[in-house]
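Asks: below are the sequence and a predicted model; questions follow.
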Amino acid sequence: MKRLFVGIPLPGVLRDRIEEFCQKLKETGGDFRFVSVENLHLTVCFLGDVEEDQISGVVEKLRLLLAKQVRIKVNLAGAGCFPDKTRINVVWIGLGDGVLINLIRGVNAGLSVKIEHEEEIPHLTVARVKSGKRKEMIREVVEKFRDVNFGSFVVEKIFLYESELEPEGPIYTVVEEFKLL
């Protein structure tokens with residue numbers, strides 16, 4: 001059994017800008033669990049636990065779903081939180097691109113995965129908030145970054161990853177790479 005997801009890694013230049021935002025969040029003294037900078041990615045589809053003998057079928061379905069997919073430009077802009085500003089569980093950066101959400105919906109439908117409510121808003125998770133400590137200060141930082149443009153990049157590849165959960169954080173291993181046209 002392997003825990004799998006389909007994702008898009010972020011280029012280094014964007015990671016640096018996101019790290020600045022994360023630093024401001026850390027300065028609040030809030031109770032966070034941050035996504036490590038090297039693990040920052042856009043989740044296209046979370047598959048969860050998949051039997052090893054079914055992985056080749058997942059790869060084949062993805063190959064078919066992405067066979068004619070052209071490269072897309074993604075813009076990272078704005079910050080927000082789930083479920084809302086009064087009860088912050090997740091801090092995220094927005095993706096204001098309809099093309100990407102169409103790709104996400106298409107892959108999820110093609111793999112018969114139900115999109116969770118939180119995933120209906122295209123986003124990049126940067127941190128999970130573990131308690132109510134300093135929530136007002138966290139809200140203020142998120143509000144300051146609400147209209148910030150973190151930059152854009154062109155998606156040239158999409159990956160099927162295995163995620164191994166470790167006490168220090170997840171370890172992602174590429175299972176398959178899919179190049180876009």
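Replies: Done, it's in. As the structure is a computational prediction, the values presented were derived from the model and not from experiment. Numbering: from 1, shown residues only.
Asks: partners of the residue sitting nearest the centre point of the chain in the sheet?
Replies: In the chain, the C-alpha nearest the mean C-alpha coordinate belongs to Leu42, at 3.1 Å (C-alpha atoms, centre = their mean). Beta bridges link Leu42 to Ile8, judged by DSSP bridges.
Asks: so how far is the longest strand anywhere in the chain from its chain's centroid?
Replies: The strand spanning the most residues in the chain, taking DSSP state E as the definition, is strand 72-83. Centroid separation for strand 72-83 versus its chain: 10 Å, with C-alpha atoms, centre = their mean, to the nearest Å.
Asks: mind listing residues that contact stretch 84-104?
Replies: Stretch 84-104 is touched from outside by 18, 21, 25, 32, 42, 44-45, 69, 72-83, 115, 118-119, 121-129, 135, 138-139, 142, 145, 150, 155, with contacts defined as C-beta atoms under 8 Å, 6 or more residues apart in numbering. All C-beta spots, glycine's among them, are computed from the backbone N, C-alpha and C.
Asks: just the buried residues of that stretch, please?
Replies: Under the neighbour-count criterion of 16 or more other C-beta atoms under 10 Å, stretch 84-104 has Ile88, Val91, Trp92, Ile93, Gly94, Leu95, Asp97, Leu100, Ile101, Leu103, Ile104 buried.
Asks: swap in stretch 30-47?
Replies: Those would be 30, 32, 34-35, 39-47, for stretch 30-47 by 16+ other C-beta under 10 Å.
Asks: which single one of those is nearest to Asn108?
Replies: Cys45 (5.1 Å; C-beta to C-beta).
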